[in-house]
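Q: here are the coordinates; sequence isn't available:
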């Protein structure tokens, strides 16, 4: 499994990351062509809008992160599938686009803070190739590649003159997820 981060997409995306998996030996795809999947799991995520969140029904500010994974009360190490879909994925090594390869393209971004001054997001993911023996549930998935750890860190300050982006990076390793926001609340 390989990753390529030499892309850029949009002002609030950290970039594009393309995962490529090559099936070896090549003869395997002649027997099993529709059972492969590049899978991505979210491992840890936290985000704040204006150093808190606006997830209440009436859109009022509340102290605490807007996004949190694993969820409060979740199990340590709990993961959830979260990856690219549709045209951004080619899980068929015989599709004609490539020979013995699968692709998945992800463009992790951060929403613009709208009227709420700032937004920041920190995310750790892992991506790997699976072989699916039973499409009805995850118990039929077999990992058949190393885990590729990667992360995103983004900070946007909508009140700044000029570039609103304070931090926008994609890394091929996991980062330490902060427990407090970088920005302070602004009324």
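A: Received the coordinates, thanks. This is a predicted model, so every value here is computed, not measured. Residues are numbered from 1 along each chain as shown.
Q: Could you pull out the helices in the protein for me?
A: 28-31 (DSSP state H).
Q: what bits of it have low per-residue confidence?
A: Scanning the chain for pLDDT under 70 picks out 1-14, 29-34, 73-88, 91, 96-98, 133-141.
Q: all strands for it, in order.
A: Ranges of strands in the chain, per DSSP state E, are 2-4, 17-22, 36-49, 52-53, 62-63, 67-69, 80-81, 89-90, 101-106, 118-132, 141-143, 148-157, 165-171.
Q: Mean neighbour count and distance to residue 179 added to those, as a markdown table?
A: In this view, the C-beta of every residue, glycine as well, is placed from N, C-alpha and C. Shown next, in a markdown table, are these (neighbours: other Cβ atoms under 10 Å; distance: least, Cβ to Cβ, whole Å):
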| stretch | mean neighbour count | distance to residue 179 |
| --- | --- | --- |
| strand 2-4 | 13 | 27 |
| strand 17-22 | 20 | 26 |
| strand 36-49 | 21 | 8 |
| strand 52-53 | 18 | 14 |
| strand 62-63 | 10 | 13 |
| strand 67-69 | 17 | 10 |
| strand 80-81 | 12 | 20 |
| strand 89-90 | 18 | 33 |
| strand 101-106 | 21 | 26 |
| strand 118-132 | 22 | 10 |
| strand 141-143 | 14 | 30 |
| strand 148-157 | 21 | 14 |
| strand 165-171 | 16 | 17 |
